[in-house]
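Participant: can you look at this prediction? I've put the sequence above it.
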Amino acid sequence: NNNNNNNNNINNDPPLKVGFVSSGFSSKAVLYLSKDMFPYFDTTKYEIHIFSLGEPDSTHFLNHAMRGVDWRQQVIQHVHTFHDVKHLLHDHIQLAHLIQQHSIHILIEWDGYARQGLRAQGLFALRPAPIQILHQEFLGTTGSQHVDYIFTDTHTSPPKYQHLYTESFLYMPHHFFSKGHAVQPQMHPPSYTYPPPTTPYKLGTGSPTQNRCLSPTNIGPSHVSFVYCNFHKFLKYNPVTFQSWMHILRSVPDSILCLLPNPPEGLPNLHKHIANSFPDLQQRIHFLPWEPNPYDHQRRHADMCNAILDTHPYNGHTTAQDALYAGVPIVTRSDGPDMASRVTASANLLLGLDTELNAHANDNHGQSYSNITTSSQKQYEQLAIHLGTNRTLYDQIRKHLIHVACQRKPMHPYWDVRRYVKNFEKGLSMTWNAYLRQDMNEIGDWMKNEDKQEHDNHNSEQPKMSKQRVRVRKWKHIYIEEEELTAQGSYEDDVCVHGSTNNDKLDEL
């Protein structure tokens, strides 16, 4: 019973205790994006606890691949308590007791159904905290009555799709995704100009068309016109999306497609598919070598990619942030009901590029889902082709993305992690106050069969069944409205040089 310990009001002096549970407190995507939240929490109002269920990175990996950067240690330095509880990974009951002993008010789920099963199975069903929220890592509903809210935004999870979620929506005022690219010292801000190419290639040199996805100059077009990229895992590919990519290549002369061999075990199968289905395009599809350092991989987006072709129905998420911070536009679809299919479209909307980069399908006129999907797929192809054949449009979009990434007076809300944390904090407080008020809605009935142990005269072995109505209650959706001071944004010195004659003119693609 948490009520005795946790009914302190957020307006009182004791801070709200917030716990983050994950097996990914190491060099995982969730930390790459979200570790920069922790320095900006108001420690007078929020006491942050980490419950880490995974192993730390090896010393060899940190020293070589990460060049001494340890994300786990960065988190440890900026939280109240870091609980290393990897020994409780398979003992969710003891883990729940530990969380309850620390009187955690709000528990943040940072695993969901990710991590290939490496997570605290059954923990949230035990209700170790009064409020339990899904954030960031697993993008979709848990289908569970034990997770109260999900952090999202109104475009990623429109109210009309609330019936697809068991969680209530906790709407961030901007993009719901946390990302710390603009405040990480290891991250290179994008540049308007391309440095001259080098042979062999060195990081941060050459344009995408000059670097050619590091392919031999005797393979493919002699002069590459445009480089489309996708750096997702193969598991996000599907035949429909791949067919669209091939149509785009055929429609943009001398363009190429740059992919990652991820995983390398799938490469023979993909090569076979290309050879059988698209033999005329084999020399225009190339694979970039794997780069273990995440900062180097992010930086080479600018060197290798003119534009990203997003996957559907599972978008790029971490990879999308890397591309956008490099000034690389992403063409995506926004017609799916799934949360994971709408993340990039929501990003483009906030970045002011909805019309230019988001393929919309009008689903308000009685069209079948198949017609909507076909319409959006065609528009997706048209947007990508237009981007690859209209130099003026492409230059404008690229300059706009770079300007947004380098904006510091104030920072753009998409990249402003301090501003994000302030809104995140307010959302936490609003969920806690809703808990104190028991601010819930009855959303309908569930039918439950129940044995009455009454035997039918004609069939004494089969008990009669009756249906019992169980009222289902759900927290009301929460819309986080920015405080006036928060909305002013964060101010820092500019990190990009604007206005010089060299930056006014982009190097040729």
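Facilitator: Arrived safely, thanks for sending. Numbers count the residues shown, from 1 in each chain.

Participant: quick check, residue 147 in contact with residue 167.
Facilitator: Yes - using CB atoms under 8 Å, residue 147 makes contact with residue 167 at a distance of 5.3 Å. No exception for glycine: its C-beta is placed from N, CA and C like everyone else's.

Participant: and for these two, which residues touch both?
Facilitator: Overlap of the contact sets of residue 147 and residue 167 (by CB atoms under 8 Å, 6 or more residues apart in numbering) consists of residue 134.

Participant: which residues sit in contact with residue 169?
Facilitator: 149-150, 152, 157, 159, 162, 477-478.

Participant: could you redo the last one with a cut-off of 7 Å?
Facilitator: 150, 152, 157, 162, 477 (CB atoms under 7 Å, 6 or more residues apart in numbering).

Participant: looking at residue 147 and residue 167, which is more packed in?
Facilitator: residue 167 (27 against 22; other CB atoms under 10 Å).

Participant: what's the pLDDT at the more buried one?
Facilitator: If you check residue 167, the pLDDT there is 96.

Participant: also the one 4 residues further on?
Facilitator: Listed pLDDT for residue 171 reads 98.

Participant: that one contacts residue 476, correct?
Facilitator: No - at 11.5 Å, residue 171 and residue 476 do not qualify as touching, with contact defined as CB atoms under 7 Å.

Participant: those two: which has the busier surroundings?
Facilitator: residue 171 (23 against 12).

Participant: for residue 214, see how far away residue 199 is.
Facilitator: 11 Å (CB to CB, to the nearest Å).

Participant: quick one, phi psi at residue 51?
Facilitator: phi -110, psi 100 (degrees, to the nearest 10).

Participant: right, I mislabeled it, should have said residue 226
Facilitator: The phi/psi pair for residue 226 (degrees, to the nearest 10) is phi -160, psi 140.

Participant: so how far is residue 378 from it?
Facilitator: Distance, residue 226 to residue 378, by CB to CB: 20 Å.

Participant: can I get stretch 126-134 in CSV, CA atoms only?
Facilitator: These are the backbone C-alpha positions of stretch 126-134, laid out as CSV (Å, rounded to 0.1, in the frame of the first residue of the first chain):
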residue,chain,number,x,y,z
LEU,A,126,3.5,-5.4,-8.8
ARG,A,127,2.9,-1.7,-8.7
PRO,A,128,6.0,-0.6,-6.7
ALA,A,129,5.1,3.0,-7.3
PRO,A,130,1.8,4.8,-7.4
ILE,A,131,2.4,6.3,-10.9
GLN,A,132,4.2,4.3,-13.6
ILE,A,133,5.1,5.9,-17.0
LEU,A,134,6.5,4.7,-20.3
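
Participant: let me see the mean pLDDT of that stretch.
Facilitator: 97.

Participant: so where's the protein uncertain?
Facilitator: 1-13, 361-372, 442-472, 492-509 (pLDDT under 70).

Participant: switch the cut-off to 50
Facilitator: 1-10, 363, 365, 445-463, 465-466, 470, 494-495, 497-509 (pLDDT under 50).

Participant: centre-most residue in it?
Facilitator: Nearest to the mean C-alpha position of the chain, by CA atoms, centre = their mean, lies residue 317 at 3.7 Å.

Participant: thought residue 341 was touching that residue, still the case?
Facilitator: No - proximity of residue 317 to residue 341 does not meet the contact threshold set by CB under 7 Å, at 10.9 Å.

Participant: circling back: from residue 380, how far out is the residue nearest to the centre of the chain?
Facilitator: Residue 317 sits 18 Å away from residue 380, going by CB to CB.

Participant: same question for residue 165.
Facilitator: Noted for residue 165: a distance of 26 Å to residue 380, by CB to CB.

Participant: looking at residue 199 and residue 214 now, which is surrounded by more residues?
Facilitator: Taking neighbours as other CB under 10 Å, residue 199 and residue 214 compare with residue 214 leading, 16 against 7.

Participant: quick one: contacts for that one?
Facilitator: Here residue 214 is in contact with 201, 288-289 (CB under 7 Å, 6+ apart).

Participant: 10 Å - rerun?
Facilitator: Residues in contact with residue 214 (CB atoms under 10 Å, 6 or more residues apart in numbering) are 200-201, 206, 258, 286-289, 300, 303-304.

Participant: same question, residue 52
Facilitator: Contacts of residue 52 by CB under 10 Å, 6+ apart are 20-26, 72, 75-76, 82-86, 89, 110.

Participant: what about 7 Å?
Facilitator: Contacts here follow CB under 7 Å, 6+ apart; on that basis residue 52 touches 22, 25, 82-86.

Participant: so in terms of bridging, what pairs with it?
Facilitator: residue 22, residue 84 (DSSP bridges).

Participant: that one and residue 118: what is the separation?
Facilitator: 12 Å.

Participant: ok, residue 285 - how many residues close by?
Facilitator: Neighbour number of residue 285 under other CB under 10 Å is 21.

Participant: once you drop chain neighbours, what's closest to it?
Facilitator: Closest residue to residue 285 apart from its sequence neighbours, by CB to CB, 6 or more residues apart in numbering: residue 257 at 4.8 Å.

Participant: what bridges to that neighbour?
Facilitator: For residue 257, the beta-bridge partners under DSSP bridges are residue 228, residue 285.

Participant: so what's the residue count around it?
Facilitator: 21.

Participant: got it, and residue 400?
Facilitator: Residue 400 is flanked by 16 other residues according to other CB under 10 Å.

Participant: so who does it touch?
Facilitator: residue 352.

Participant: what's the helix or strand for it?
Facilitator: Applying DSSP states H and E as the criterion places residue 400 in helix 391-406.

Participant: sorry, back to before: which of residue 226 and residue 378 has more neighbours?
Facilitator: residue 226 (24 against 14).

Participant: good, wrapping up.
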